[in-house]
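# Generate coordinates for the sequence data below:
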Amino acid sequence: MLKWACELLGSEWIENHFMLRRSVIVKPNFAKPPRYQPYKHLLRCVIPPEGVRRLELDMRYWITGKSGREYGLALCSKTQIKLAGNPRTYQICIYISGISYYGNSEVFNYDRVIMEYLMIKGNEERYNRIGIITVIAL
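Sure, this is the predicted structure:
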């Protein structure tokens, strides 16, 4: 948390507030994203800090939908789904029409993960209806 908080607020602000020996809630500023890599700023505004940490370390961030299904988001691969009581793992792929990434797949991957996270949290049924699901052997 400290690294991205320093990017948003500046190290001097963080040091002054942490010297108070009390917890401080840091809220990202939607109005003024940084010029460098604004897509990372948006990810931090949407996904909890633990999830951002896991994603940026090339790990999966698992979230549970209202249906009980578990979704493993990742920046560099398709989202995985675990169904309750089913030993198989599935992959889901959402194709975003009308969005092209102009050769920068990193930006596209961040946008895809943000979109999938918001769809799972907001309308999981629709997310599963429009996604193309395949079985994978693990």
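
# all contacts plus neighbour counts: C-alpha atoms, from now on.
Will do.

# wait, is residue 45 part of a helix?
Yes: per DSSP: H, G, I helix; E, B strand; the rest coil, residue 45 lies within a helix segment.

# what about dumping the CA coordinates of stretch 52-60 to PDB?
The C-alpha trace of stretch 52-60 is given here as PDB (Å, rounded to 0.1, in the frame of the first residue of the first chain):
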ATOM      1  CA  VAL A  52      -3.600  -5.100  -6.800                       C
ATOM      2  CA  ARG A  53      -0.500  -6.400  -5.100                       C
ATOM      3  CA  ARG A  54      -1.200 -10.000  -6.300                       C
ATOM      4  CA  LEU A  55      -2.000  -8.900  -9.800                       C
ATOM      5  CA  GLU A  56       1.200  -6.800 -10.100                       C
ATOM      6  CA  LEU A  57       3.200  -9.800  -8.800                       C
ATOM      7  CA  ASP A  58       1.800 -11.900 -11.700                       C
ATOM      8  CA  MET A  59      -0.300 -13.900  -9.300                       C
ATOM      9  CA  ARG A  60      -4.100 -14.500  -9.500                       C
END
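
# got the contact list for that stretch?
43, 44, 61, 72, 73, 74, 75, 76 (CA atoms under 8 Å, 6 or more residues apart in numbering).

# Same list (the residues you listed) but as CSV, adding secondary structure, distance to residue 83 and pLDDT.
Formatted as CSV, the contacts of stretch 52-60 follow (DSSP: H, G, I helix; E, B strand; the rest coil; distance: CA to CA, whole Å; pLDDT from 0 to 100):
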residue, secondary structure, distance to residue 83, pLDDT
43, helix, 26, 89
44, helix, 27, 88
61, strand, 16, 96
72, strand, 12, 94
73, strand, 15, 94
74, coil, 18, 93
75, coil, 21, 91
76, coil, 22, 87
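
# In contact with residue 68, which residues?
Residue 68 makes contact with 83, 84, according to CA under 8 Å, 6+ apart.

# Since that was my last question, I'll sign off now.
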